[in-house]
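Chemist: coordinates for the following, if possible.
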Amino acid sequence: MRHPVSRLRARALAVGLSALTALALLPSASAGAADPYRWAALGDSYTSGLFVGDPTPALGNVSRDGCDRTTGTYPDLVARELAQFPPGQPVQLTDVSCGGADIGDVAEERQQPLSPVQAPGGDPANWPEVAPQVQRAGLDGTTDVVTIGVGGNSLPFAAVLGKCAELGLLGRSCQEYYTNPPAGEESIGQKLARVEREYVEMLAEVHQAAPNAKVITVGYPAVLPQDGNDCTRLNMTQLGTVRAADIDWLRVGVLEPLNRTIARVSSFFGDRYVDLYSSSVDHHVCKPAGTKWVEGICGDAADHWPAALTRPVRFDCSLLGKRITLVHPNAAGHANAADHVERAIRIALLDR
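Modeler: You can find the predicted model right below:
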């Protein structure tokens with residue numbers, strides 16, 4: 001764990017020492033008398049955390065919604081830092097991120113959560129639908145900051161990765177499959193173009209709902225290595241049966257263009273884009289435990305998280321002594337995201 005002085009020094013360098021010092025010297029009575037800044041965190045499982053901490057709401061709580069938010073996520077970590085070192089006045093976080101959310105679920109559509117953790121009747125399909133995140137977060141003219149981490153499920157990246165694993169088992173190319181897809185399947189170019197349109201519509205809805213808010217979009221980390229040969233094929237704590245050539249294609253043809261799309265649309269709206277990719281290049285899924293910031297198909301996770309799934313496909317990591325992590329950030333990945341998102345929020349609040 002980083003020493004508090006190191007965290008404060010990093011923040012000072014990031015935000016600007018003079019501005020931070022000015023905020024820190026504000027009288028405590030002034031901060032206490034002011035209304036808190038309102039921050040809404042929206043997003044998918046790369047925001048909600050899934051397995052990186054204790055479930056929130058806690059296990060057994062009647063308010064659990066199947067979205068798999070946990071402590072230890074970047075919104076939770078940032079909220080704690082902002083509470084310890086307030087940016088002039090308190091910050092109130094409302095986190096409505098939800099595992100499995102796609103772009104439409106942020107502003108327009110009701111989502112069917114599919115958490116495998118204490119699902120009603122033991123079936124993840126039994127979770128009640130939840131309202132769009134914009135609605136659940138209560139965005140309005142008093143919202144000060146909105147962070148959004150979404151887009152991967154709209155491709156959907158997990159399905160593309162799964163197809164690469166399936167075809168890799170047969171020695172076939174998933175790049176070819178998505179470049180010249182069969183009838184009924186979008187090409188990767190069509191997927192990315194659709195994601196761009198959906199992201200534009202989503203950001204327009206967010207700005208309409210929270211017209212005075214600073215909107216911060218959060219990209220995806222460097223899940224994949226710069227060289228697919230850095231992964232050990234058939235290693236389920238990495239990418240399993242995905243071929244090295246397809247790992248390279250997933251990086252340059254899918255993940256990197258997705259981040260560029262999010263950054264481009266964010267710039268169009270004048271919003272701040274948080275780049276998590278650059279800082280995480282040397283911490284991809286095929287690095288050793290302790291270095292990687294993303295767990296593999298099977299990985300290390302909190303005890304409440306399952307080791308096996310039966311839907312939509314049967315998958316069991318228990319023989320490896322691991323749990324189903326399906327290529328998601330671990331605690332170190334969320335800590336890195338927290339550093340960058342906190343900086344962006346502090347900069348945004350300096351402009352309030």
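
Chemist: hmm, Cys67 is touching Asp95, no?
Modeler: No - assessed by Cβ atoms under 8 Å, Cys67 is found out of contact with Asp95, at 9.4 Å. All C-beta spots, glycine's among them, are computed from the backbone N, C-alpha and C.

Chemist: neighbour count winner among those two?
Modeler: Cys67 (29 against 25; other Cβ atoms under 10 Å).

Chemist: give me the nearest residue to the more buried one, chain neighbours excluded.
Modeler: The shortest distance from Cys67 to any non-neighbouring residue, by Cβ to Cβ, 6 or more residues apart in numbering, is to Cys98 (3.6 Å).

Chemist: pretty sure that neighbour belongs to a strand, no?
Modeler: No - applying DSSP: H, G, I helix; E, B strand; the rest coil, one finds Cys98 to be coil, outside a strand.

Chemist: run through the protein and note the low-pLDDT ranges.
Modeler: The model of the chain has pLDDT under 70 over residues 1-33, 311-313.

Chemist: which residues touch the longest helix seen in it?
Modeler: Of all the elements of type helix in the chain, the one with the most residues (DSSP state H) is helix 188-209. Residues outside helix 188-209 that contact it (Cβ atoms under 8 Å, 6 or more residues apart in numbering) are 42, 103-104, 106-108, 134, 139-140, 143, 146, 148, 150-151, 154-155, 160, 178-179, 186, 213, 215, 217, 253-254, 257-258, 261-262, 264-266, 268-269, 271.

Chemist: pairing partners for the helix or strand following that helix, with directions?
Modeler: Moving toward the C-terminus from helix 188-209, the next helix or strand (DSSP states H and E) is strand 214-218. Using DSSP bridges, the strands paired with strand 214-218 in its sheet are strand 145-149 (parallel), strand 272-274 (parallel).

Chemist: quick one, which of those strands is nearest to Ile345?
Modeler: Closest to Ile345 of the strands paired with strand 214-218 is strand 145-149 (Cβ to Cβ; 5.6 Å).

Chemist: what's next to the closest one, contact-wise?
Modeler: 37-44, 46-47, 75, 91, 97, 106, 137, 139, 202-203, 206, 210, 213-220, 274, 341, 344-345, 348-349.

Chemist: narrow these to just the buried residues.
Modeler: Among the contacts of strand 145-149, those scoring as buried are 37-44, 46-47, 75, 91, 97, 106, 137, 139, 202-203, 206, 210, 213-220, 274, 341, 344-345, 348-349 (criterion: 16 or more other Cβ atoms under 10 Å).

Chemist: Pro329 reaches Tyr220, doesn't it?
Modeler: No - using Cβ under 8 Å, Pro329 makes no contact with Tyr220, being 9.2 Å away.

Chemist: need the overlap of contacts for the two.
Modeler: Tyr46.

Chemist: would you map the strands across the stretch 201-350 of the chain?
Modeler: For the stretch 201-350 of the chain, strands defined by DSSP state E, counting those that start in this stretch occupy the ranges 214-218, 272-274, 298-299, 308-309, 315-316, 323-324.

Chemist: relative orientation of the longest one and helix 188-209 in degrees?
Modeler: By that I understand strand 214-218. 160 degrees (axes from the mean of the first three to the mean of the last three Cα atoms, to 10 degrees).

Chemist: tell me where the stretch 151-300 of the chain has helices.
Modeler: 157-169, 174-179, 188-209, 244-249, 256-268 (DSSP state H, counting those that start in this stretch).

Chemist: make JSON lines out of those and add distance to Cys298.
Modeler: What follows is the helices of the stretch 151-300 of the chain, written out as JSON lines (distance: least, Cβ to Cβ, whole Å):
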{"stretch": "helix 157-169", "distance to Cys298": "12"}
{"stretch": "helix 174-179", "distance to Cys298": "20"}
{"stretch": "helix 188-209", "distance to Cys298": "26"}
{"stretch": "helix 244-249", "distance to Cys298": "17"}
{"stretch": "helix 256-268", "distance to Cys298": "24"}
